[in-house]
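J.: Sequence isn't available, so here's the structure alone:
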């Protein structure tokens, strides 16, 4: 019997599918235009208020070093609840929640070296890129 250790939220950016651990995901929002933040770091779109919590919204395409012209309109915000605050990652779409089995072997991703990318996995004949934005977002000031 396969033992499940974690679930992941699947989302799309450009032609690629990604999966992020569900453990730090607070909620998924339909896109809402954030208020700009003067002097913000590159990739920060702005801030939104979500039920009294200020959420820093980041472009998913910027985080993953993707050409924004290769991405459709980023229509959802994946809100992460981290010890350093709330962060929203703007993505094209959110598809599903999948199980990440403990015996899953991830492959290294030779063509993309990025601090948020953990590797890849095959699931239902689809390639998913495993990402975790927690450390990157926690390091933002």
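T.: Received, thanks. Since we're looking at a predicted model, the values are computed, not measured. Residues are numbered from 1 along each chain as shown.
J.: Quick check: end-to-end length of stretch 85-96?
T.: Start to finish, the residues bounding stretch 85-96 are 25 Å apart (C-alpha to C-alpha, to the nearest Å).
J.: which outside residues touch it?
T.: By C-beta atoms under 8 Å, 6 or more residues apart in numbering, the surrounding residues in contact with stretch 85-96 are 9-14, 17-18, 20, 26, 28-29, 31, 34, 45, 48, 50, 53-61, 63, 71-80, 133, 137, 140. (C-beta placed from N, C-alpha, C; glycine too.)
J.: In helices only, show me these.
T.: 60, 61, 63, 137 (DSSP state H).
J.: Strands of the protein, start to end?
T.: Assigned by DSSP state E, the strands in the chain fall at 4-13, 16-21, 25-30, 44-50, 53-59, 76-82, 85-91, 93-101, 117-123, 126-131.
J.: Any idea which of these gets closest to residue 38?
T.: Closest to residue 38 of the strands of the chain is strand 44-50 (C-beta to C-beta; 10.1 Å).
J.: between that closest one and strand 85-91, how many degrees?
T.: With axes from the mean of the first three to the mean of the last three C-alpha atoms, to 10 degrees applied, the angle from strand 44-50 to strand 85-91 works out at 120 degrees.
J.: The chain should start at 56 in everything you say after this.
T.: Renumbered: residue one is now 56, and that last one reads strand 99-105.
J.: Now strand 99-105: buried residues?
T.: 99, 100, 102, 103, 105 (16 or more other C-beta atoms under 10 Å).
J.: Return the list of helices and strands in contact with it.
T.: Packing partners of strand 99-105 (3 or more C-beta pairs under 8 Å, 6 or more residues apart in numbering; DSSP states H and E): strand 108-114, strand 140-146.
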